[in-house]
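> can't give you the sequence, but here's the structure:
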């Protein structure tokens, strides 16, 4: 069973590519954003706890996020593996994911990163913002702030996975089908 982390800055195309990869490899797409929305909308126990932090304008603690993720993974053990999108975002989250997967006799197979120049990604997100309805996709300052946070908190994961020989960089610029082929070439060799 493969456990693949799809990695990259906001706008790199992770969500778009995840749609193709989950079908192609019978992977379960684990999107933390989708998991949060589900738990909040359905007022699950974890959703109610998360809402108390969100309502105060605070970040939801890792423990709550990880517990939501655990429930989602355990419900989908019939798949050929998992495609993690948007998680982990920090070293602490990566270590928690490693520990959780170990409980299931699994491990992270690979981290596949969609790499692209920040300026191209800013243009992509601003374009996406015209139709996404997300206000944070329409404000260049907010977009650049997301990259600053990514560089401070998430970029250290590159070295974390490189040290485990589990990091694969893929050119994230080009037509969607071209990028899917590049990703598939990496996944096929795992």
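Received, thanks. Predicted, not measured: the structure shown is a model, and the values here were computed from it.
> list the buried residues for the one helix or strand in the chain whose mean pLDDT sits lowest?
Least confident helix or strand of the chain, by mean pLDDT, DSSP states H and E, is helix 140-149 with a mean of 86. Neighbour-count burial for helix 140-149 flags 143, 146, 147 (criterion: 16 or more other C-beta atoms under 10 Å). Bear in mind the C-beta positions are built from the backbone N, C-alpha and C, glycine included.
> counting neighbours, what do you get for residue 3?
Residue 3: 21 surrounding residues under other C-beta atoms under 10 Å.
> again, but for the one 5 residues further on
When neighbours are counted by other C-beta under 10 Å, residue 8 registers 21.
> any buried residues in stretch 164-182, and which?
By neighbour count with 16+ other C-beta under 10 Å, stretch 164-182 contains the buried residues 166, 167, 168, 169, 170, 172, 179, 180, 182.
> what lies in contact with that stretch?
8, 12-13, 16-17, 20-21, 108-117, 120, 158, 161, 183, 186 (C-beta atoms under 8 Å, 6 or more residues apart in numbering).
> gap between that stretch and the chain center?
15 Å (C-alpha atoms, centre = their mean, to the nearest Å).
> quick one: end-to-end distance for that stretch.
End-to-end distance for stretch 164-182, by C-alpha to C-alpha, to the nearest Å: 22 Å.
> would you list every one of the helices in the protein?
For the chain, the helices defined by DSSP state H occupy 14-25, 32-41, 45-55, 62-75, 91-103, 118-132, 140-149, 156-162, 176-188.
> tilt between the third one and helix 32-41?
If I follow you right, that is helix 45-55. 100 degrees (axes from the mean of the first three to the mean of the last three C-alpha atoms, to 10 degrees).
> again, but for the first one
For helix 14-25 and helix 32-41, the angle between their directions (the same axes, to 10 degrees) works out to 100 degrees.
> residue 94 versus residue 143, what's the distance?
Remark: distance between residue 143 and residue 94 (C-beta to C-beta, to the nearest Å) = 24 Å.
> quick check, pLDDT for the residue lying farthest from the centre of the chain.
Distance to the chain centre peaks in the chain at residue 56, reaching 24.4 Å (criterion: C-alpha atoms, centre = their mean). Among the per-residue scores, residue 56 holds a pLDDT of 85.
> report pLDDT for the residue nearest to residue 144 when sequence neighbours are not counted.
Distances taken as C-beta to C-beta, 6 or more residues apart in numbering place residue 122 nearest to residue 144, at 7.0 Å, with adjacent residues excluded. Note on residue 122: pLDDT of 92.
> gap between residue 122 and residue 174?
With C-beta to C-beta as the criterion, residue 122 and residue 174 are 17 Å apart.
> rewinding a little: out of the contacts of stretch 164-182, which end up buried?
8, 12-13, 17, 20-21, 108-114, 116, 161, 183.
> so what's the residue count around the nearest residue to residue 130 once chain neighbours are set aside?
Closest residue to residue 130 apart from its sequence neighbours, by C-beta to C-beta, 6+ apart: residue 138 at 7.7 Å. Residues lying near residue 138 (other C-beta under 10 Å) number 15.
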